[in-house]
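Peer 1: sequence first, predicted coordinates after that:
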Amino acid sequence: HYPEPALRIFGDLDLLVPRDGLGLAEAALNGLGYFCTKPREWALDHHFHLPPMASEDATLTVDLHWRLDDPERAGCLPTADLWARSETWWIQGRRTARLNDVDQVLHVCRHAMVQHLGRLGLLPVCDLALLTRSWVVAEWRALVQRAEEYGLQRAVGFALLLVQRALGMELPEGLLAELGSPRGDPESSDLTKWFLALDAGPGAPVSAQAVRAWRQGSLPKRVSYLLRHMFPGRKGMSALYGVPIDSPQIWLTYLRRPVDLFQRYGGSAADALRGDPGARAAWGREAWLERWLSEEVGERELETSTTG
């Protein structure tokens with residue numbers, strides 16, 4: 001979709017394979033010199049792709065997916081539906097498959113808004129503009145229908161709102177309102193700036209798990225969620241730190257984990273508690289988006305979050 005491949009940066013290559021073909025796909029990549037960079041046991045039980053696979057030169061990493069969504073998060077992308085609608089694609093004379101155009105847009109919206117909580121800045125905005133630039137009514141209607149079916153109306157509507165505001169792209173009349181986008185009027189508030197400000201710099205690091213823990217309800221549920229994700233069992237710690245599960249060193253990772261999290265997020269959390277505007281905006285933005293995507297807050301709370 002980009003006129004020149006060099007215009008679209010990427011950090012890794014994501015491949016979707018059937019779950020029962022995962023072993024064959026991994027073996028094929030092993031034959032090309034790509035191996036998992038961390039133990040894979042935890043990912044097989046709890047994740048939706050293997051740990052990153054890399055070759056010795058490490059110029060490219062490959063994520064081998066058997067699904068594209070995290071079942072713990074808002075919305076879904078049923079893998080069987082994606083395969084049923086996949087389209088033939090030829091790469092250097094080899095026949096393969098790619099996502100249907102509408103499914104690509106659904107995936108970009110979910111990946112950007114649900115999985116990464118708007119942290120990817122302008123990159124998905126440009127992707128969406130190019131993916132939909134030649135769409136006619138049929139594609140837009142299919143997008144609305146599938147977004148409703150999969151519980152992704154808010155993620156899709158919000159992402160398209162950012163496309164409209166950032167790039168001035170014209171969308172079909174009534175589309176944003178139908179998807180439930182916050183504040184469908186493109187002239188209102190500074191919402192675009194608020195979510196696209198990450199392109200200006202790294203900003204304050206925010207713990208996604210802490211944000212998700214906050215919306216669990218009662219204090220015991222919040223603490224339980226945090227502990228479960230901070231210390232995910234030996235398989236999880238093995239996946240995080242690359243230490244074999246049966247190694248005595250696995251127990252040392254439980255001491256290292258809180259230190260690593262504090263070094264990464266402690267400063268920005270403390271700044272937010274002290275009232276630093278940048279840190280408070282970063283934590284507030286993601287906390288609001290996480291709750292809004294789960295339909296726990298309405299548009300009015302957006303004003304409080306952006307100005308608080």
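Peer 2: Good, I have the coordinates. Numbering: from 1, shown residues only.
Peer 1: what about the nearest residue to R215 once chain neighbours are set aside, is that helix, strand or coil?
Peer 2: Nearest non-adjacent residue to R215, counting by CB to CB, 6 or more residues apart in numbering: R291, 5.2 Å away. To be clear about C-beta, it is placed using only N, CA and C from the backbone, and glycine gets the same treatment. Assigned by DSSP: H, G, I helix; E, B strand; the rest coil, the conformation of R291 is helix.
Peer 1: pLDDT below threshold where in the stretch 151-300 of the chain?
Peer 2: 182-204, 295-300 (pLDDT under 70).
Peer 1: all strands for it, in order.
Peer 2: Here the stretch 151-300 of the chain has no strands by DSSP state E, counting those that start in this stretch.
Peer 1: number of nearby residues for the residue nearest to R215?
Peer 2: 17 (other CB atoms under 10 Å).
Peer 1: what's the spacing between it and L82?
Peer 2: R291 is 28 Å from L82, where distance means CB to CB, to the nearest Å.
Peer 1: wait, the residue nearest to R215 touches G217, no?
Peer 2: No: the pair R291 / G217 is not scored as a contact, 11.5 Å apart, by CB atoms under 8 Å.
Peer 1: between the two, what contacts are shared?
Peer 2: Contact criterion CB atoms under 8 Å, 6 or more residues apart in numbering; residues shared by R291 and G217: none found.
Peer 1: what's the neighbour count on the nearest residue to Y150 once chain neighbours are set aside?
Peer 2: In this structure, Y150 finds its nearest non-sequential neighbour in C76, 5.1 Å apart by CB to CB, 6+ apart. Neighbour count for C76, taken as other CB under 10 Å: 19.
Peer 1: who's in contact with C76?
Peer 2: 69, 150-152 are the contacts of C76 under CB under 8 Å, 6+ apart.
Peer 1: try it again at 7 Å.
Peer 2: 69, 150-151 (CB atoms under 7 Å, 6 or more residues apart in numbering).
Peer 1: also L143?
Peer 2: By CB under 7 Å, 6+ apart, the neighbours of L143 are 102, 105, 156.
Peer 1: mind running it again at 10 Å?
Peer 2: 101-103, 105-106, 109, 132, 135, 152, 156, 160, 172, 175, 179 (CB atoms under 10 Å, 6 or more residues apart in numbering).
Peer 1: and it, what element?
Peer 2: helix 137-149 (DSSP states H and E).
Peer 1: so where do the helices sit in the stretch 151-300 of the chain?
Peer 2: 153-167, 175-179, 191-196, 208-214, 219-230, 233-241, 253-261, 267-274, 277-293, 300-307 (DSSP state H, counting those that start in this stretch).
Peer 1: now the stretch 1-150 of the chain
Peer 2: 22-31, 41-46, 79-85, 101-109, 122-132, 137-149.
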